[in-house]
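Chemist: A predicted structure for the sequence below; I have some questions about it.
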Amino acid sequence: MKIFVGCSSKNEIPDKYKVECTILLEKLFKDNDLVFGAYDGGLMGISYHETLKNNKNIIGICPDIYKEDFNTLKCTKEIITKNVSERIDKLIEESDVCLFLPGGMGTINELFMALESKRSHEFDKPIIIYNCCGFFDYLLLFLNKIYEENFTMDYIKNSYFVSDNRDEILNYFVSLQND
């Protein structure tokens, strides 16, 4: 299974996120391939190194402005896009499932692009949000407000899986592989 991981590329994030997410990523990338934003830092770098360690396929996708990042990476496949929007489309297209870990503006942009693309029936791939250490709590409250006040259809909240429990996330992946 090709897993797109949307997450932080910054090393300066709190250690609690690195520790918790590393445990999940170690298990996920024993048997799966990585689709990622082609940068060796933060949680993105941890995803990369876990996949590399297990000799799995790595698809790196980045906009032209950051193409030099490929000079320090060993990707099975390198894709350079014109811009960030095209990059997000390609990340989703190349993957079988989208996993979102704590991250910044880029991660939130990728998450909302994935949610909107799924809402618009552009794809039907699983979207998983790992609410590690409560990172997405406020975002999830905001999404609930959107549903409660009828700014979007209520069925959308059933189009993604959210958990703050690593084992639940791993079990969800197992269920996807068994389908």
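Modeler: It's in.
Chemist: counting neighbours, what do you get for Glu148?
Modeler: 9 (other C-beta atoms under 10 Å). C-betas here are computed from N, CA, C, even on glycine.
Chemist: could you do Lys27 as well?
Modeler: Every residue meeting other C-beta under 10 Å relative to Lys27 is counted, giving 16.
Chemist: excluding chain neighbours, what is closest to it?
Modeler: Leu170 (5.8 Å; C-beta to C-beta, 6 or more residues apart in numbering).
Chemist: residue contacts, that neighbour?
Modeler: Shown in contact with Leu170 (C-beta atoms under 8 Å, 6 or more residues apart in numbering): Leu24, Lys27, Leu28.
Chemist: mind doing that once more with 10 Å?
Modeler: Ile23, Leu24, Lys27, Leu28, Ser163 (C-beta atoms under 10 Å, 6 or more residues apart in numbering).
Chemist: and Cys62, by the same measure?
Modeler: Residues in contact with Cys62 (C-beta under 10 Å, 6+ apart) are 36-39, 68-70, 73, 75, 78-81, 84, 87, 90-91.
Chemist: just Gly42 next, same as before
Modeler: 7-13, 17-18, 21, 101-104, 107.
Chemist: and what of Ile65?
Modeler: Ile80, Thr81, Lys82, Asn83, Val84.
Chemist: take the contacts of Gly42 and keep only those in helices.
Modeler: Tyr17, Lys18, Cys21, Thr107 (DSSP state H).
Chemist: state the pair within the residues you listed that is farthest apart.
Modeler: Lys18 and Thr107 (14.8 Å; C-beta to C-beta).
Chemist: of the two, which one has the most company?
Modeler: Thr107 (23 against 18).
Chemist: residues contacting the nearest residue to the more buried one once chain neighbours are set aside?
Modeler: Spatially, and ignoring its direct neighbours in sequence, Thr107 is nearest to Gly6 (4.8 Å; C-beta to C-beta, 6+ apart). When contacts are counted by C-beta under 10 Å, 6+ apart, Gly6 touches 35-37, 43-44, 47, 88, 91-92, 95, 98-103, 106-111, 113-114, 127, 129.
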